[in-house]
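*Asks:* My questions are about this predicted structure, shown below with the sequence.
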Amino acid sequence: MNITIQKNPNPGTLPPANQLGFGNYFTDHMFLMDYSREKGWHDPRIVPYGPLTLSPASAVLHYGSEVFEGMKAYRSPENKILLFRPWENMARLNKSCARVGLPELNPEDALDAIRQLVELDRDWVPSAEGTSLYIRPFVFAADAKLGLHTIEEAIFAVILSPVGSYFKDGLQPVSIMVETEDVRAVRGGTGEAKCGGNYAASLRAGDRAASLGFSQVLWLDGIEQKYVEEGGAMNIMFKIDGKVVTPMLNGSILRGITRRSCIELMQHWGMEVEERRIALDEVIEAAKAGTLEEAWCVGTAAVVSPIGELYHKGTSYVINNNQIGELERKLYDELTGIQWGKRPDTFGWVDVVC
Ligand code: PLP
Ligand code: COI
């Protein structure tokens, strides 16, 4: 794709690794491309990172027509910049667009844009252990019309943010709260799409959990509030009595790329992984019986995060003595080893940008 590039005349500098946190700093440039029904996607450009100008009537501001992706660029020991299964993110972005009526992208062009942007801002990819450059591609409706209508104008944008760990304590076990009031997704809804509205609807529960000292919410199904679905920004896995189980893809949880990668790794190690409906009762019974050996969250931002405590209706269940489990550690080491280019990429998951 022929992208015009306008360089930032006032480039910034990468903050020290211990200041990064998650999503607080942005690089020198961003990518933008416009869509109109007449012209299709056009005017791909890299410009200095900065505010956007939008009509106050833009559909995104009223009807929440927005979808996004989350991926990372990693700096290898040889100073190469690597992406992890970026093709999967492009495919999922298009599925999300289709679900909320936004125009789909040419996935090769979208990935090309990301690669060119990351290459230009490559000095912003941090190198300290556990750090990376978070990539946030997003598509939103820009047409200025208040009637509910088919989207006719949209923008595809990509911004970059050097990040450390998503949870403030890094790989240390996190405590999560089972949400029993709000639900995140319902049958036929947008649960499987990565659209902004899903997250807006989840923030109240997230705030409640945070005010009680929990770092994340665990969502239950939207119909019976009986089955485990996923975390606020991550999928979930359990090891119960020697067997790994994870909620099946039922249309209401996100098709996590980290989830798929962990399943494929465990299968490669000869382990059986069950993807099925998991009742919360089953997890709690296992915790009481001492057979809930490990529980962990998986996601691009969260990587592999052990769950040390599960809180449900006033009772806390401590998992694995609040320690990092053996399987969690093995998954974390292998996955991050491949992502950071420290272990062989036997599955062909790594894409070298430069
Ligand atoms: N579930 C939700 C709701 C998410 O926001 C994310 C993060 O992207 C995930 C799961 C994990 O998906 P992935 O591993 O593709 O990042
Ligand atoms: C990701 O892991 O990329 C996410 O989407 C997390 C984000 C909602 C903070």
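*Replies:* Right, received. Where do you want to start? Numbers count the residues shown, from 1 in each chain. Ligands and ions are numbered 1, 2, ... in the order given.

*Asks:* So which residues on the stretch 151-300 of the chain come close to ligand 1?
*Replies:* Within the stretch 151-300 of the chain, the positions near ligand 1 by Cβ under 6 Å from any ligand atom are 230, 233-235, 254, 256-259, 299-300. (Glycine included, C-beta is placed from N, CA and C.)

*Asks:* And the residue of the chain found nearest ligand 2, how close does it get to C195?
*Replies:* Distances between the chain and ligand 2 by Cβ to the nearest ligand atom are smallest at G70, namely 1.9 Å. Distance from G70 to C195, counting by Cβ to Cβ, to the nearest Å: 13 Å.

*Asks:* Same question for E309.
*Replies:* 30 Å.

*Asks:* Same drill for these two, tell me which one is more crowded.
*Replies:* A count of neighbours by other Cβ atoms under 10 Å puts C195 above the other of E309 and C195, at 23 against 18.

*Asks:* For that one, which non-adjacent residue is spatially closest?
*Replies:* Among residues not flanking C195 along the chain, V67 sits closest, at 4.7 Å (Cβ to Cβ, 6 or more residues apart in numbering).

*Asks:* Next, count neighbours for the one you found.
*Replies:* 25.

*Asks:* Thought E309 was touching G213, still the case?
*Replies:* No: counting by Cβ atoms under 8 Å, E309 is not a contact partner of G213; they are 9.8 Å apart.

*Asks:* what does the stretch 51-200 of the chain have sitting close to ligand 2?
*Replies:* So far as Cβ under 6 Å from any ligand atom goes, the stretch 51-200 of the chain lies against ligand 2 at 70, 199.

*Asks:* hmm, 8 Å instead?
*Replies:* 68-71, 134, 136, 166, 194, 199 (Cβ under 8 Å from any ligand atom).

*Asks:* Tell me the one of those residues nearest ligand 1?
*Replies:* Comparing those against ligand 1 with Cβ to the nearest ligand atom places G70 closest, at 4.5 Å.

*Asks:* Mind listing the shared neighbours of G213 and E309?
*Replies:* S175 (Cβ atoms under 8 Å, 6 or more residues apart in numbering).

*Asks:* now, which of the residues of the stretch 51-200 of the chain next to ligand 2 lie within strands?
*Replies:* 68, 71, 134, 136 (DSSP state E).

*Asks:* circling back to that earlier point, tell me how far the residue nearest to C195 lies from V100.
*Replies:* Distance from V67 to V100, by Cβ to Cβ: 6 Å.

*Asks:* Spell out which residues are contacts of both of these two.
*Replies:* Common contacts of V67 and V100 (Cβ under 8 Å, 6+ apart): 193, 195.

*Asks:* quick one, helices of the stretch 201-350 of the chain?
*Replies:* Secondary structure of the stretch 201-350 of the chain (DSSP state H, counting those that start in this stretch): helices located at 203-211, 257-268, 280-289, 326-339.

*Asks:* Now the third one: average pLDDT?
*Replies:* So that's helix 280-289. Average pLDDT, helix 280-289: 97.

*Asks:* S132 is in contact with the residue of the chain closest to ligand 2, correct?
*Replies:* No: using Cβ under 8 Å, G70 is not in contact with S132, being 11.3 Å away.

*Asks:* So if I had to pick from these two, which one is more boxed in?
*Replies:* Taking other Cβ under 10 Å, G70 and S132 do not tie; S132 has more neighbours (27 against 17).

*Asks:* Got the confidence number for that one?
*Replies:* pLDDT at S132 comes out at 97.

*Asks:* Over to the one 4 residues further on?
*Replies:* Reading off the per-residue confidence, R136 sits at a pLDDT of 98.

*Asks:* Near it, how many other residues are there?
*Replies:* Number of residues near R136 (other Cβ under 10 Å) recorded here: 16.

*Asks:* and it, what does it touch?
*Replies:* Counted by Cβ under 8 Å, 6+ apart, R136 has contacts 68-70, 158-161.
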